[in-house]
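**Q** Here is my input; please provide its structure:
(2 chains)
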Number of protein chains: 2
Amino acid sequence: MLARPLSPLGLLADIESGRTSAAAILRACGDTIAEAEPIVGAFEHLDFDGAIARSHDAAGPLRGLAVGVKDVFDTADMPTSYGTQIYAGHHPVSDAAVVSMVRRAGGVVLGKTVTTELAFFEPGRTRNPANPGHTPGGSSSGSAAAVAAGMVPFAIGSQTGGSVIRPAAYCGVAGYKPSFRILPTVGLKAFAWSLDTVGLFAPTVADVAFFAAAITGRSLEVTAKETAAPRIAVVRTHLWHEATGEMRAAIDTVERLATAAGASVVSVDLPGIFSEAFAAHQVIQDHQAAMALAYEMDNHRDLLSPLLRDTLDYGRSISVEDYDTARRTVRHARLALRDALGDADVIVTPSATGAAPEGLASTGSSIFNRLWTLMGVPAVNVPGLHAASGLPLGIQVVGHHGRDGKTLAVANWLEGVLKAKS
Amino acid sequence: MLARPLSPLGLLADIESGRTSAAAILRACGDTIAEAEPIVGAFEHLDFDGAIARSHDAAGPLRGLAVGVKDVFDTADMPTSYGTQIYAGHHPVSDAAVVSMVRRAGGVVLGKTVTTELAFFEPGRTRNPANPGHTPGGSSSGSAAAVAAGMVPFAIGSQTGGSVIRPAAYCGVAGYKPSFRILPTVGLKAFAWSLDTVGLFAPTVADVAFFAAAITGRSLEVTAKETAAPRIAVVRTHLWHEATGEMRAAIDTVERLATAAGASVVSVDLPGIFSEAFAAHQVIQDHQAAMALAYEMDNHRDLLSPLLRDTLDYGRSISVEDYDTARRTVRHARLALRDALGDADVIVTPSATGAAPEGLASTGSSIFNRLWTLMGVPAVNVPGLHAASGLPLGIQVVGHHGRDGKTLAVANWLEGVLKAKS
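**A** Next up is the predicted model:
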């Protein structure tokens, strides 16, 4: 069992009280990595000595704790290859904005984590710490796995379809995809610019909320939030038949436990505009990707996986009229979302179709994530439930645009409810 | 007099009919550059031989015509220094998306044009071809000047405040800032990601509309557009007192000529939300810039100009609460804009406070541009009027979001009206 996440908030308290130091924690992370990395394969690049050195100067709320950064974010002091041989050994000239924000908050970048090819679907070598025969999910495969295996307390990822929430769910950690534009994508290798969203990983919801607060300066910590009796809309979506029996049962369980714990829970059917918007996601993503990755298509076609090459070719064939129609659908769906939710604080819906699929040939499906990425609303994977196999089953809490604090607070409340009953 | 722009549409017709070739035109551009560049200083880097070689293979509507690319866009085959010594000699690993789009459309990148420092206000060395004692405007200084001087038929720039429309106005060429998201910013050095907009330069409105159509695949050409009797709202804004007497008279002239030519012209006072939005522009821009350029602030502070350093320090001091308030103001202003315009097709308003100011120490003011960048609406500089000094006076045509074709068509119509009466 390689899944044994750290307790970042506990470690921070220990540093504050002088019981330990950032350097000592980094050394412990190093020991875990030495043991688990040969199996998990979470890192593309590690800079252990540099991290120890930087931890001595770290100032800010993260107090020198280690952060894993998905290898689609530029780092000036570490190679960045975006998950493709095209850029093997590439050294960026600057740090991505979110990397600078991590450093300013006192985080220490310990290494670059494995991504799928250019953050699309072609898998890297990472295995799921909960069961190395299963995918960790993608595209932020290494970030989710590194946190789940206790190699780092925090990690950064990105989501264009479901690349933060899905791997968090498969690996059994908290994942947080903020409202669009809370975290800058400057220095992130673009895939589809109106969808690409920076996301965060940590062991629990409280940890990831603290991490988000530390790097953004926003009041996102869950500790002081009022979370009694949240209003929850359970949304099964038009894709419910794609969920496994265990996932469907898990949502039923959440519905029951949340109600018993005092939440007001209603089941909501989304109107048809949202299945149209779901379809529009692919049009927008693929059309934009064919522009964002035009250089790679035109100059390194042979080094792209067939999967990505075909997707980009398809994207290039999408007309601007179809693209504009898709964007209009999204605008209508965003306006409709507020009405659909009524007075609910959050939506509860699956984080993925089920537990992590067996094998490493696929990183699984993002169908339960794409709509929420497209809507630009905050989403949190709540860990705590498990399939009969022992693999994690993730529950997704989705909030209103811009209400990230409330969303994290309810996700934290739900995590507590699930933990108390398990 | 160094201002003698080419006629791209005429050149394309000549290539098509076999009267000339792309290589011959490039050689003529080279002659113009050899003569004018020592005075104008439009280029940061030139690749004349490479451009000739590439012109033989150019396929697509641009037929091998030369394009100047502002040196804030990544190019894999030319150095890219973003207007700062920090990145002197930097060689990007890929092309910006819009550069790929230019190449796919058969354009040949002849060189990188001078930008202000990191596309902010610290001037480069470029002089105004209409009078080398005057600024060409910024931040897309070299792109506007190169087109005005006939060094290239087309150029690419970017606008976060007024960096396309203002230099186009000062240099007397057409500038087009599309609706936000029509042209991808992937591979553009970010300054403020929710404002940064790719823009285009060409001698006339018809030329720039053709250029936009060629690289986007959108039906933006003005030739076939219905443009009789446009409905025009003249907007003098709350900054009218900042316009020079000549600019105020120029707007009066436009009002009179457009009416005489059959347009329906009304004068519109914008409600107070738009002066609030104008103020919000700076909050959003500076807050985002302090994140987008965090790496430069934290690692190359001494190499930033005092002007930019102070701006970034100020941006870092802006609270997330003030930033969120500014973003809310913008959302309200965008909704209010449709009502304010009524049934007008476009707004007519100054492109700048007046003609290009004397001297090179400042690139002039963007106060007549920032609101329209912030609204994400299409804007076109219409050349054709002149101050008593002989310097160009630019008229700005602003359209509804997403109605870029109509906006360009009316701008083209107005250009014709101004030309007929001058």
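**Q** quick one: the strands in chain A?
**A** A:43-46, A:66-70, A:108-113, A:154-159, A:174-177, A:197-202, A:231-235, A:264-268, A:346-350, A:379-386, A:392-399 (DSSP state E).
**Q** how far out from the middle of the chain is the first one?
**A** So the one you mean is strand A:43-46. 19 Å (C-alpha atoms, centre = their mean, to the nearest Å).
**Q** ok, which residues in the stretch 301-422 of chain A are in contact with chain B?
**A** A:319-320, A:324, A:402 (C-beta under 8 Å from any C-beta of the partner chain). Glycine gets a C-beta too; all of them are placed from N, C-alpha and C.
**Q** returning to that earlier point: could the strands of chain A be laid out in JSON lines, adding mean pLDDT and mean neighbour count?
**A** Shown next, in JSON lines, are the strands of chain A (pLDDT from 0 to 100; neighbours: other C-beta atoms under 10 Å in any protein chain shown):
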{"stretch": "strand A:43-46", "mean pLDDT": "98", "mean neighbour count": "20"}
{"stretch": "strand A:66-70", "mean pLDDT": "98", "mean neighbour count": "32"}
{"stretch": "strand A:108-113", "mean pLDDT": "98", "mean neighbour count": "28"}
{"stretch": "strand A:154-159", "mean pLDDT": "98", "mean neighbour count": "30"}
{"stretch": "strand A:174-177", "mean pLDDT": "98", "mean neighbour count": "32"}
{"stretch": "strand A:197-202", "mean pLDDT": "98", "mean neighbour count": "29"}
{"stretch": "strand A:231-235", "mean pLDDT": "98", "mean neighbour count": "21"}
{"stretch": "strand A:264-268", "mean pLDDT": "96", "mean neighbour count": "16"}
{"stretch": "strand A:346-350", "mean pLDDT": "98", "mean neighbour count": "27"}
{"stretch": "strand A:379-386", "mean pLDDT": "98", "mean neighbour count": "27"}
{"stretch": "strand A:392-399", "mean pLDDT": "98", "mean neighbour count": "28"}
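**Q** so which of the ones you listed comes closest to B:Leu371?
**A** Proximity to B:Leu371 (C-beta to C-beta) singles out strand A:197-202 among the strands of chain A, at 27.9 Å.
**Q** For that closest one, C-alpha coordinates in PDB please.
**A** Only the C-alpha atoms of strand A:197-202 are listed here, as PDB (Å, rounded to 0.1, in the frame of the first residue of the first chain):
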ATOM      1  CA  THR A 197      -7.700  26.000 -15.400                       C
ATOM      2  CA  VAL A 198      -4.900  25.700 -12.800                       C
ATOM      3  CA  GLY A 199      -5.900  23.300 -10.000                       C
ATOM      4  CA  LEU A 200      -4.400  22.200  -6.700                       C
ATOM      5  CA  PHE A 201      -3.900  18.900  -4.900                       C
ATOM      6  CA  ALA A 202      -3.600  18.100  -1.200                       C
END
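**Q** Could you tell me which strands that strand is paired with, and in which direction each runs?
**A** strand A:154-159 (antiparallel), strand A:174-177 (antiparallel) (DSSP bridges).
**Q** could those be laid out in a markdown table, adding distance to A:Leu118?
**A** Shown next, in a markdown table, are these (distance: least, C-beta to C-beta, whole Å):
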| stretch | distance to A:Leu118 |
| --- | --- |
| strand A:154-159 | 11 |
| strand A:174-177 | 19 |
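**Q** so which pair among the residues of the stretch 301-422 of chain A next to chain B is furthest apart in space?
**A** So, these by C-beta to C-beta: farthest apart are A:Ser319 and A:Gly402, at 32.9 Å.
**Q** if you count what's nearby, which of those two comes out ahead?
**A** Higher neighbour count among A:Ser319 and A:Gly402: A:Gly402, with 19 against 12, using other C-beta atoms under 10 Å in any protein chain shown.
**Q** list the contacts for that one?
**A** A:179, B:324 (C-beta atoms under 8 Å, 6 or more residues apart in numbering or on different chains).
**Q** Show the pLDDT at it.
**A** Among the per-residue scores, A:Gly402 shows a pLDDT of 95.
**Q** got it, and A:Met1?
**A** On the pLDDT scale, A:Met1 gets 60.
**Q** State the distance from A:Leu335 to chain B.
**A** Note on A:Leu335: its distance to chain B, by C-beta to the nearest C-beta, to the nearest Å, is 11 Å.
**Q** cool, and A:Leu270?
**A** Taking C-beta to the nearest C-beta, one finds A:Leu270 at 24 Å from chain B.
**Q** Equivalent analysis for A:Arg309, please.
**A** 16 Å.
**Q** can you give me the helices for chain A?
**A** For chain A, the helices defined by DSSP state H cover A:8-16, A:22-40, A:48-57, A:97-104, A:141-148, A:165-171, A:205-216, A:245-260, A:273-292, A:294-299, A:306-317, A:320-341, A:370-375, A:404-421.
**Q** still on that earlier bit, between the residues of the stretch 301-422 of chain A next to chain B, which is closest to B:Asp252?
**A** Checking these against B:Asp252 with C-beta to C-beta, the nearest one is A:Asp324 at 37.3 Å.
**Q** residues in contact with that closest one?
**A** Contacts of A:Asp324 (C-beta under 8 Å, 6+ apart): B:Gly402.
**Q** mind checking pLDDT for the residue in the stretch 51-200 of chain A positioned nearest to chain B?
**A** Per C-beta to the nearest C-beta, A:Ser100 is where the stretch 51-200 of chain A lies closest to chain B, at 3.5 Å. On pLDDT, A:Ser100 comes in at 98.
**Q** so who does A:Thr373 touch?
**A** Residues near A:Thr373 by C-beta under 8 Å, 6+ apart: A:159-162, A:177, A:195, A:197, A:281, A:379.
**Q** let's see 6 Å
**A** By C-beta atoms under 6 Å, 6 or more residues apart in numbering or on different chains, the residues touching A:Thr373 are A:159, A:195.
**Q** Report the separation between it and chain B.
**A** Separation of A:Thr373 from chain B (C-beta to the nearest C-beta): 17 Å.
**Q** Quick check: nearest residue in space to A:Leu341, chain neighbours excluded?
**A** Nearest residue to A:Leu341 in three dimensions, chain neighbours excluded: A:Ala233, at 5.8 Å (C-beta to C-beta, 6 or more residues apart in numbering or on different chains).
**Q** Identify the bridge partners of the one you found.
**A** Counting by DSSP bridges, the residues bridging with A:Ala233 are A:Val266, A:Ile347.
**Q** Am I right that it is in contact with A:Ile347?
**A** Yes: taking C-beta atoms under 6 Å as the definition, A:Ala233 is a contact partner of A:Ile347 at 5.1 Å.
**Q** What residue in the stretch 151-300 of chain A comes nearest to chain B?
**A** Closest residue of the stretch 151-300 of chain A to chain B, C-beta to the nearest C-beta: A:Ala294 (3.5 Å).
**Q** Tell me how far that residue lies from A:Leu308.
**A** Distance from A:Ala294 to A:Leu308, counting by C-beta to C-beta, to the nearest Å: 13 Å.
**Q** A:Ala206 now?
**A** For A:Ala206, the distance to A:Leu308 equals 37 Å [C-beta to C-beta].
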